[in-house]
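Q: here you go, sequence then predicted model.
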Protein chains: 2
Amino acid sequence: MSEIPVIAFSAWSGTGKTTFIEHLIPELKARGLRLAVIKHDAHRFEIDREGKDSWRFTNAGADVTVISSDEKTALIEQRGLAVSELMARIHDVDLILAEGYHQEGFPTIGISRADTGKGFRIPASACIALITDESSIGADTHKIPVFSLTAYAQVADFILSYHHL
Amino acid sequence: MSEIPVIAFSAWSGTGKTTFIEHLIPELKARGLRLAVIKHDAHRFEIDREGKDSWRFTNAGADVTVISSDEKTALIEQRGLAVSELMARIHDVDLILAEGYHQEGFPTIGISRADTGKGFRIPASACIALITDESSIGADTHKIPVFSLTAYAQVADFILSYHHL
């Protein structure tokens, strides 16, 4: 398992995890961190483009295809990976944000939005902080920090503090 | 540096390296190997699609974005990588085929096609085998094996033999 610190985000589908992370990234970058984001996608996803060399190699049966230019590298692997395997492929970042890996024992921030009516996906007691617009939930409710759904800067500061970055 | 055996292919642009590798892959797969292909791309390349979650994370500033499903994993890193760094990200394959990495000291197969008029890109003396349709070049010319431009099965057998796979 990698030594790189991880923060996971847990929420029911439709709560806005991806959007929150998308806004959190520039806040963390502005604080000087090199960042990786890992996302578990339950669906098939398309990343490659028909006819490109990477597509040709993959289509021909390559288990792993890597295309690298002077400014970008893409690796496509034709199997799902355990989290420990994902971690072994991530290098040279200060922090990993994880979406959809809430059962891996990572420090986890729970997100809920009142209008979904679903609450948190994992118990608040299993979280290190909460992000929510539910007015009934305050910092005293679970004795952990509570942030609003747009508190990107504050959550960035919290993460840095949590991991001593 | 990885312990995984590598075979590099060297040729001038337009000779047909990508096409040869594309046909070689199923031959190697049929021999039971798990394979990676790495390609250096001198140009900018697009691998992601606007609006997809991976694109959103990358666009927001993530240095590394990983999307993983149960059957596929994609990693996009926003910088060029040295070959040793590429190797550190490749796991669980028996053989790596390299296109465009002819100055890294890998065992290299040179390819030439008569109608390009360009010959080999690196001296035959630096190659472990040649692939060509130039009738003036035979196995005795450089004391290394010479294959035709469509000898995919024979080249696959040669690679297995070369690396004792």
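A: Arrived safely.
Q: could you pull out the helices in chain A for me?
A: Secondary structure of chain A (DSSP state H): helices at A:17-30, A:53-60, A:83-88, A:139-142, A:152-162.
Q: so who does the residue most central in space within chain A touch?
A: The structure's chain A has its C-alpha centroid closest to residue A:98; by C-alpha atoms, centre = their mean the separation is 2.5 Å. Residues counted as contacts of residue A:98 (C-beta atoms under 8 Å, 6 or more residues apart in numbering or on different chains) are A:6-9, A:37-39, A:104, A:106. All C-beta spots, glycine's among them, are computed from the backbone N, C-alpha and C.
Q: could you do residue A:35 as well?
A: Counting by C-beta under 8 Å, 6+ apart, the residues that residue A:35 touches are A:25, A:28-29, A:93-97, B:61-64.
Q: and the gap between residue A:28 and chain B?
A: Residue A:28 is 8 Å from chain B, where distance means C-beta to the nearest C-beta, to the nearest Å.
Q: same check on residue A:43?
A: 7 Å.
Q: right, and that residue touches residue B:69 too?
A: Yes - with contacts counted by C-beta atoms under 8 Å, residue A:43 reaches residue B:69, the gap being 6.7 Å.
Q: between those two, who's got more neighbours?
A: A side-by-side neighbour count of residue A:43 and residue B:69, using other C-beta atoms under 10 Å in any protein chain shown, places residue B:69 first with 17 against 6.
Q: ok, the more buried one touching residue A:39?
A: No - Residue B:69 is beyond contact range of residue A:39, at 9.6 Å (criterion: C-beta under 8 Å).
Q: just the C-alpha atoms of the helix or strand of chain A with the lowest mean pLDDT, please, in CSV.
A: Ranked by mean pLDDT, DSSP states H and E, the weakest helix or strand in chain A is helix A:139-142, scoring a mean of 80. Extracted as CSV, the C-alpha positions of helix A:139-142 are listed here (Å, rounded to 0.1, in the frame of the first residue of the first chain):
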residue,chain,number,x,y,z
ALA,A,139,-20.2,20.5,14.5
ASP,A,140,-21.5,19.3,17.9
THR,A,141,-23.8,16.7,16.5
HIS,A,142,-21.1,14.1,15.9
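Q: in that helix, what's buried?
A: For helix A:139-142, burial by neighbour count (16 or more other C-beta atoms under 10 Å in any protein chain shown) applies to residue A:142.
Q: does chain B sit close to stretch A:136-155?
A: No - using C-beta under 8 Å from any C-beta of the partner chain, we find that stretch A:136-155 stays clear of chain B, coming within 10.7 Å at best.
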